[in-house]
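# Could you work out the structure for the sequence below:
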Amino acid sequence: MKDIKLLIAVSIVAIVWGTTFLGIRVAVETIPGWFVAGIRQFLAGIIMLIILLSKKELKWIGWKNLSYQLIFASLMLIMANGLTTVAEESLSSSLAALISATSPILVFLGSIFIGLQKFSFRGLIGVLMCFCGVLFIFWDGLQELANPEFRTGIILLFCAITGWASGTIFTKKMNIQSKNISLNLFYQFIFAGIVQIIFAFIFSENYNFGNWSTKSISAMLYLAIFGSVITFFSFHYALTKISPIQVSILSYFNTIIAIILGWLVLDEQISSKFIVATILIILGVFIINYKPEMLRKIVKN
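This is a model prediction of the structure:
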């Protein structure tokens, strides 16, 4: 029997997270990245608090579960989401999306390292294809790495996808199950939001609140409601039903949607080599993770 909730969850993750790269790029036009990330997560935490109070489900989760949630929040929200947001201050949304699409490679390699998955020759081919895709990204733009801001953005983005892959693997390795995803998300969002706002005041050189545009603030609110609350709830639910590899392949759709939106809305330049890089990376990730039953599990779980 089909799990309609799972189908809805993976659809939300696939589509909505693709729009967040555009949302972040618009938000950081006038708002420092750490403020965008911190306020986004803190507002998401407040929304979850209201939901929990309305359902009378707010309660202490215990120190052991709290430690799991703080680790997950540190990897997925502070490190992955926060660093991606800061990176987009100097990178286009399409480039950020494309580099982020390599995260399943790290999930694959990390899963092999800790014994969750076996290495294969097909996997090696996929890794090499993704590596070639990354080379195509910088084929004509190596000189851009001489720009300190661009170089820093690239480094932050690779740190971000490392955090994302680590959080995905951690969740499945620890076999974390929860009967109340909303409760866990509340602790994650509040913790991440407070930490990121502290980072914002420490690391932001100019945070003149009067310069924050309505467009950037609206984008930040969209990220809080749709990019955090709705999509992270869907992501957590999906991880309880299918493998981290299956969840991570949703980045195929995230990437394509993000690149198209960046081109349509922000007039970001998409070169022929960028298109080749996109094809190589997506095919590489697909080759690594493809199994005949892969999609059937999502549809029939």
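# Quick check: phi and psi on the nearest residue to A73 once chain neighbours are set aside?
What sits nearest to A73 in space, not counting adjacent residues and going by C-beta to C-beta, 6 or more residues apart in numbering, is Q188, at 3.9 Å. All C-beta atoms are positioned from the backbone trio N, CA, C, and that covers glycine. Dihedral angles of Q188 (phi, psi; degrees, to the nearest 10) stand at phi -60, psi -50.
# Just the buried positions in stretch 265-276, please.
Buried positions in stretch 265-276, judged by neighbour count with 16 or more other C-beta atoms under 10 Å: 268, 270, 274.
# Which one of those residues is nearest to A80?
E268 (22.0 Å; C-beta to C-beta).
# before we move on, the earlier item: of the buried residues of stretch 265-276, closest to I39?
Looking across these and measuring by C-beta to C-beta, the closest to I39 is E268, at 24.9 Å.
# Select the helix or strand of this protein having the lowest average pLDDT value.
helix 294-300 (a mean of 51; mean pLDDT, DSSP states H and E).
# Could you give the separation of the host helix or strand of I217 from the chain centroid?
Using DSSP states H and E, I217 sits in helix 214-222. With C-alpha atoms, centre = their mean, to the nearest Å as the basis, helix 214-222 stands 19 Å off its chain's centre.
# Run through who's touching the helix or strand just after that helix.
Next helix or strand after helix 214-222 toward the C-terminus (DSSP H and E): helix 231-239. Residues outside helix 231-239 that contact it (C-beta atoms under 8 Å, 6 or more residues apart in numbering): 5-6, 8-10, 12-13, 16-17, 20, 44, 168, 171-172, 178, 181-182, 184-185, 188-189, 247.
# give me the low-pLDDT residue ranges for the stretch 201-301 of the chain?
By pLDDT under 70, the low-scoring segments of the stretch 201-301 of the chain are 243-252, 289-301.
# redo that, cut-off 90
Across the stretch 201-301 of the chain, the ranges flagged by pLDDT under 90 are 204-210, 227-229, 231-257, 266, 269-301.
# Which strands or helices does the longest helix seen in the chain pack on?
Secondary structure assigned by DSSP state H gives helix 148-173 as the longest helix of the chain. Applying 3 or more C-beta pairs under 8 Å, 6 or more residues apart in numbering; DSSP states H and E, one finds that helix 148-173 contacts helix 63-72, helix 83-87, helix 93-100, helix 103-113, helix 231-239, helix 244-248.
# hmm, 7 Å instead?
helix 63-72, helix 83-87, helix 93-100, helix 103-113, helix 244-248 (3 or more C-beta pairs under 7 Å, 6 or more residues apart in numbering; DSSP states H and E).
# hmm, back to that, select from the contacts of helix 231-239 every entry located in strands.
Taking DSSP state E, every one of the contacts of helix 231-239 sits outside strands.
# start to end distance for stretch 170-188?
15 Å (C-alpha to C-alpha, to the nearest Å).
# Now do stretch 60-76: everything it contacts.
163-164, 166-167, 170-171, 174, 176, 183-184, 187-188, 191-192 (C-beta atoms under 7 Å, 6 or more residues apart in numbering).
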